[in-house]
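Participant: next come a sequence and a model predicted from it.
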Amino acid sequence: MGDKLNLVIEAFDGISVTVRLSRPYDVGSSDERILVAQLRDLPQINYNGSMSTWTFPLNSNSAVHIRDKWPQAEWVTEQGEAAYKLVLSLEESVERRSEMIGRFMAAARDSNGVLPLDAIPSPPKGHVFKRMPMAHQLVGLECVRTSPFLGLFMEMGTGKTKVISDLLDYTAQHSKLGHPLRVLIVCPKSVMINWARELKTDVSCQYRVAMMCWTSATTRRTLRDFNLVASKGGDFGGVETLLELVRCQDVAMQVMLVNYDNVKGRLPLLKGAKFDVCILDEAHRIKSFKAKRTKAILDLALSCGRRYILTGTPLTQNPMDLFPQFEFMGPGMGLLGYSSFYAYENAYSEKSSWGKTTSWKNTGKLLQLASKWAFSVKKKDCLDLPEKTFETRNIEMTPAQQDMYNKVATEVLLVLESLGTEVTIQNILVQYLRLAQVTSGYIKTADGREVNIENGEVKIDELMEVLEETNGQKVVVWSRFVHEIEAVCARLEKAGVGHVKYYGAISDDERQRAVDRFQNDPTVKVFVGNAAAGGLGINLTAGSVVVYLSNSFSLADRLQSEDRTHRIGQKNSVTYIDMACEDSIDELVIERLAKKREMADLFTNPVEMLSSLKDFLVGTIRK
């Protein structure tokens, strides 16, 4: 046959292309047989015998195949050809990004503490940072700045929020949209205030922030200085919040914060806003492809412009975790080789005759594909991390727990009023203790029994989320209550997480064994202790994440317990996380500890301490 065998692309439906051969192929020609065989081997390809056509998803894998094997392919559909060229341009950007990341990682491994200048990308031209990013953050910024979608797989404590804040600031200042840059950040509710704080720290353009969820009185007071709109309080979970934000036209950027659990109920509203940028923070929370939360997020993705996911642990259980996260970034694009979850599942898992997954396969290929669309960094790759970073997780109590807290707080106020001039520090600390026990999930009855509050372990629930985020880092957990320590250990035992415990009632020999196991046994991931008992004289440098479930008023206990991990022998920066129930005594304690010197003043002035506690309680009891 005279004419050269060619591929004709006849149709494109937005996801898949339909193709045919320009003529019947010559079975006697080895070249033509190989071309057709390679076409038939494309993932998810379907053959229509009656029409002599094939249909397959247009993704990076198939686009590269067409480019390399059918360079003269004829495109009947202009839309399909445009999509094909876009996919190939993304592939070219992958090559440039891979080269930049490879250069940085090689320099980080080989340097003696100083990175060569050619290993660090230059800051975006004409942009002035409000706070200069670190070297690895500049690499991350260049990756997301030049990509319409990307995963930032940055280990906890490496500053991925800073990378996105700088991206948003740069994009808003250089936008040619004709309207303020509209940004949606989907994140756990517990970190919303941290996002508002980070934006305030790193964004220099004019912007406004709204929160599409119920916000506590304390949160609203905190956010007044962080460009919050709709700050008069209550449940701004609906259209009112978005309208308040959109009305702010004299700014360069409008930022909506929404927690994962609110997306499904507000989906039509969020889709209608057509956000220019959508961020998923802690994106591993959509790891279950069949969950309603995940389906809502994937539906939302189609209406957004640029899409980025942030997590230190993209894969928390098995390779199936990755599919929905990458599907959010590139809906229908098959970034991991397949646009169908079921085809993806079959490609990377082995199943028994009754359909149960028995093992995983082709994981090397999967990780290679995933790395094309992500920037990954661990603490060991970062030479300029701060020694300590601090964050607070703001947690909402359950209704039963909140009712109990209101009841106890009202009783405490009556007791404080009755003390008069007889007030002592001990009187006040006893009342504080009653309130702190409620936020830790239990109450102590008059006869000395410790009774759990129904569904009251909200701090432990959040702790389990933190453990998922740590990506294998060892974690130190401090609590002032033995009851809470035992509750944490019971939860860890149930989850199969290796742990040790350390508090006053445990013998000296058992305590030392606990420390030694945490330091030296790779299967022991969590140390759970009491700061008063373990804050002195022990070494916990194996841990690089420290969680305070509950604090005492003792500044000495706090500083000493912080130093158990941050001392000679520690090779990583340390992240400290405080758990605080909203509108509760937790917030007052953390505030006082943060001020340090004022704490000492309060301990020597019971009248001032009494007044401070009474004022705080009056403002936090929910009606």
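Facilitator: It's in.
Participant: all contacts plus neighbour counts: C-alpha atoms, from now on.
Facilitator: Fine.
Participant: per-domain residue ranges of this structure.
Facilitator: 1-120, 128-377, 388-393+435-620 (automatic domain parsing).
Participant: quick check: next helix or strand after the longest helix along the chain?
Facilitator: Longest helix in the chain, counting residues (DSSP state H): helix 78-110. Remark: after helix 78-110, the chain's next helix or strand is helix 135-145, criterion DSSP states H and E.
Participant: who are the packing partners of that following helix?
Facilitator: helix 78-110, strand 149-154, helix 160-173, strand 374-377 (3 or more CA pairs under 8 Å, 6 or more residues apart in numbering; DSSP states H and E).
Participant: list the contacts of it.
Facilitator: Helix 135-145 has contacts (CA atoms under 8 Å, 6 or more residues apart in numbering) with 97, 100-101, 104, 120-124, 150, 152, 159-160, 162-164, 166-167, 308, 375, 377, 382, 384.
Participant: and what of stretch 539-548?
Facilitator: Identification of contacts with stretch 539-548 by CA under 8 Å, 6+ apart yields 463, 470, 473-479, 515, 518-520, 562, 564-570, 572-579.
Participant: at 7 Å what do you get?
Facilitator: 473-479, 519, 564-567, 569-570, 572-579 (CA atoms under 7 Å, 6 or more residues apart in numbering).
Participant: right, and the helices and strands packed on helix 135-145 - which one's nearest Gly312?
Facilitator: Nearest to Gly312, of all the helices and strands packed on helix 135-145, is strand 149-154, at 4.8 Å by CA to CA.
Participant: in the closest one, what counts as buried?
Facilitator: Using 16 or more other CA atoms under 10 Å as the test for burial, strand 149-154 gives Phe149, Leu150, Gly151, Leu152, Phe153, Met154.
Participant: and those residues as JSON lines, adding pLDDT and distance to Leu181?
Facilitator: Below are the buried residues of strand 149-154 laid out as JSON lines (pLDDT from 0 to 100; distance: CA to CA, whole Å):
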{"residue": "Phe149", "pLDDT": "94", "distance to Leu181": "16"}
{"residue": "Leu150", "pLDDT": "94", "distance to Leu181": "19"}
{"residue": "Gly151", "pLDDT": "94", "distance to Leu181": "21"}
{"residue": "Leu152", "pLDDT": "94", "distance to Leu181": "21"}
{"residue": "Phe153", "pLDDT": "92", "distance to Leu181": "25"}
{"residue": "Met154", "pLDDT": "91", "distance to Leu181": "25"}
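Participant: now the buried members of the contacts of helix 135-145.
Facilitator: The buried subset of these (16+ other CA under 10 Å) comprises 97, 100-101, 104, 120-121, 150, 152, 159-160, 162-164, 166-167, 308, 375, 377, 382.
Participant: Gly496: how many residues sit nearby?
Facilitator: 9 (other CA atoms under 10 Å).
Participant: and what of Arg511?
Facilitator: 21.
Participant: next one: Asn394
Facilitator: Around Asn394 there are 25 residues (other CA under 10 Å).
Participant: one more: Gly178?
Facilitator: By the measure other CA under 10 Å, the count of residues near Gly178 is 7.
Participant: quick check: it vs Ser204, distance?
Facilitator: In this view, Gly178 and Ser204 are 19 Å apart by CA to CA, to the nearest Å.
Participant: and Thr53, by the same measure?
Facilitator: 55 Å.
Participant: any idea of the pLDDT on Asn112?
Facilitator: Listed pLDDT for Asn112 reads 65.
Participant: helices along the stretch 351-500 of the chain, start to end?
Facilitator: All helices of the stretch 351-500 of the chain, identified by DSSP state H, counting those that start in this stretch, fall at 363-372, 399-419, 425-439, 458-469, 482-495.
Participant: which stretch among the ones you listed comes nearest Phe226?
Facilitator: Taking CA to CA, helix 458-469 is the member of the helices of the stretch 351-500 of the chain nearest to Phe226, at 24.4 Å.
Participant: so for that closest one, mean pLDDT?
Facilitator: Helix 458-469 comes out at a mean pLDDT of 94.
Participant: could you shift the numbering so residue one becomes 44, and keep it that way?
Facilitator: In the new numbering, first residue 44, that becomes helix 501-512.
Participant: can you check what angle separates it from helix 468-482?
Facilitator: 60 degrees (axes from the mean of the first three to the mean of the last three CA atoms, to 10 degrees).
Participant: can you put the helices and strands packed on helix 178-188 in JSON lines and add distance to Pro357?
Facilitator: Listed next are the helices and strands packed on helix 178-188 as JSON lines, based on distance: least, CA to CA, whole Å:
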{"stretch": "helix 121-153", "distance to Pro357": "19"}
{"stretch": "strand 192-197", "distance to Pro357": "7"}
{"stretch": "helix 203-216", "distance to Pro357": "14"}
{"stretch": "strand 417-420", "distance to Pro357": "10"}
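Participant: which of the ones you listed has the lowest average pLDDT?
Facilitator: Taking the mean pLDDT of the helices and strands packed on helix 178-188, helix 121-153 comes last: a mean of 86.
Participant: wait, Lys568 sits on His542?
Facilitator: Yes: taking contacts as CA atoms under 7 Å, Lys568 lies within contact range of His542: 5.8 Å.
Participant: what is the neighbour count of Lys408?
Facilitator: Neighbours of Lys408 (other CA under 10 Å): 12.
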